[in-house]
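Participant: Below are the sequence and a predicted model for it; my questions follow.
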Amino acid sequence: MRIAVAIPCYKVTQHVLDVIAAIGPEVETIYAVDDACPEGSGRFIEANNRDPRVRVLFHEQNQGVGGAVVTAYRAALAEGMDVVVKIDGDGQMNPTLIPKFIRPIARGKADYTKGNRFYRPESLRGMPRLRLFGNAMLSFITKLSSGYWPIMDPTNGYTAIHAAALRELPLEKIERRYFFESDMLYRLNVIRAVVHDVPMDAVYADEQSNLKVSSVLPEFLAKHIKRFFKRYVYVYLVRDFNLGSVYSLAGAVLTTLGLMFGIGQWVHSITTGRPASSGTVMLAALPLLIGIQFLIAFLHHDVGNVPTEPLSAEPDA
């Protein structure tokens, strides 16, 4: 397989040459994308790098990590690469792990692999507590929005993807900045790509992260909610109508009716001073309870609807 590595470059001059030097011989091409770096990362690499596999690509305007990776993806597809591994240039991702990320794809078991720093408790010792909490919350929200219930650590940027999946993705629509990794998972589920987690350790060097959990959490939450409903409409209403569709629609209708009727009767009791009868309480509670059970059944169906057949395993891939 022809393997390429994509390295987004933004303020990484202190570490990027060491990262490139640690990339093994299994990699054919290395795309270093200077994302309008104020330190001139691209020119720095061109002046100091001696690895003939490196190609430096330049952005005139900053597009974010997603924009830099998409640029590398396009170059890799144009040059016939089979797998593209994305690592950062700040020294947080060990390049010697690249074979572990490639292996499930090469064996036809996955279309996309991503790092998981939560797999082993020992891997979390160096992770700041705020980041640990933020990633745990985002992991659960991402399970809902993407449909990949077995995965964790959705913001982990150490990834590898098969060209068969890349060709199916709408690269022009993918988020360009910090939401890039989460948006990738949502769009991979839409095309029914298989995603595997790869255990890895958390590493924090002397760089300062630009990602502030407290500021991005509300933004991420809004985008995840939007993608959950978009995925639901496409997967359960447009592309198919199955038992999960019935569960979700029945659950939503019954829960809404139960809540509306119950709230209406509660307001009526408050204004009139008369307590609701047991029959009235049952009329409100019964559809609410049944509706919640239907919604739980829908989530159970969604958990079992995770893609299992890799796109790269298809004969024409």
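Facilitator: The structure has been received and is ready for your questions.

Participant: what about the helices in the chain?
Facilitator: Per DSSP state H, the chain carries helices over the ranges 16-21, 41-48, 64-78, 98-106, 129-146, 163-168, 180-190, 213-232, 243-272, 278-303.

Participant: So for Ala32, what's the pLDDT?
Facilitator: On the pLDDT scale, Ala32 is placed at 97.

Participant: beta partners for it?
Facilitator: Ile7, Val56 (DSSP bridges).

Participant: give me every residue that touches it.
Facilitator: 7, 9, 16, 20, 41-42, 45, 54-57, 89 (CB atoms under 8 Å, 6 or more residues apart in numbering). In this view, the C-beta of every residue, glycine as well, is placed from N, C-alpha and C.

Participant: what does Glu39 give?
Facilitator: Glu39 makes contact with 11-13, according to CB under 8 Å, 6+ apart.

Participant: now swap in Tyr119 and tell me
Facilitator: If you count contacts by CB under 8 Å, 6+ apart, Tyr119 has them with 152, 197, 199-200.

Participant: What subset of these is buried?
Facilitator: With burial judged by 16 or more other CB atoms under 10 Å, the buried subset of these is 152, 197, 200.

Participant: Narrow those residues to those in strands?
Facilitator: For those, membership in strands holds for Asp197, with DSSP state E as the criterion.

Participant: and which of the buried ones among the contacts of Tyr119 is nearest Leu295?
Facilitator: Met152 (23.4 Å; CB to CB).

Participant: wait, isn't the closest one in contact with Arg120?
Facilitator: No: using CB atoms under 8 Å, Met152 is not in contact with Arg120, being 11.6 Å away.

Participant: For Pro310, give its distance to Pro170.
Facilitator: Distance from Pro310 to Pro170, counting by CB to CB, to the nearest Å: 19 Å.

Participant: Compare those two and say which one has the larger neighbour count.
Facilitator: Pro310 (24 against 9; other CB atoms under 10 Å).

Participant: Now that one: closest residue in space, sequence neighbours ignored.
Facilitator: Nearest non-adjacent residue to Pro310, counting by CB to CB, 6 or more residues apart in numbering: Val194, 4.5 Å away.

Participant: count of neighbours near Gly91?
Facilitator: 20.

Participant: Next up, the contacts around Met200.
Facilitator: The neighbours of Met200, taking CB under 8 Å, 6+ apart as the test, are 93-94, 97, 100, 115-117, 119, 123, 156, 158.

Participant: swap the cut-off to 7 Å and go again
Facilitator: 97, 115-117, 158 (CB atoms under 7 Å, 6 or more residues apart in numbering).

Participant: residue contacts, Asn116?
Facilitator: Contacts of Asn116 (CB under 7 Å, 6+ apart): 152-153, 156, 197-200.

Participant: Of those residues, which is the nearest to Asp35?
Facilitator: Nearest to Asp35 among these: Asn156, at 19.4 Å, using CB to CB.

Participant: What's the separation between that closest one and Ala21?
Facilitator: Distance of Asn156 to Ala21, computed by CB to CB: 23 Å.

Participant: which of these two has more neighbours?
Facilitator: The residue with more neighbours, out of Asn156 and Ala21, is Asn156; 21 against 11, by other CB under 10 Å.

Participant: Contacts only, for the closest residue to Asp88 other than its chain neighbours.
Facilitator: Once flanking residues are discounted, Asp88 sits nearest to Gly157: 5.8 Å by CB to CB, 6+ apart. Going by CB under 7 Å, 6+ apart, Gly157 touches 65, 86, 88, 181.

Participant: All set now, cheers.
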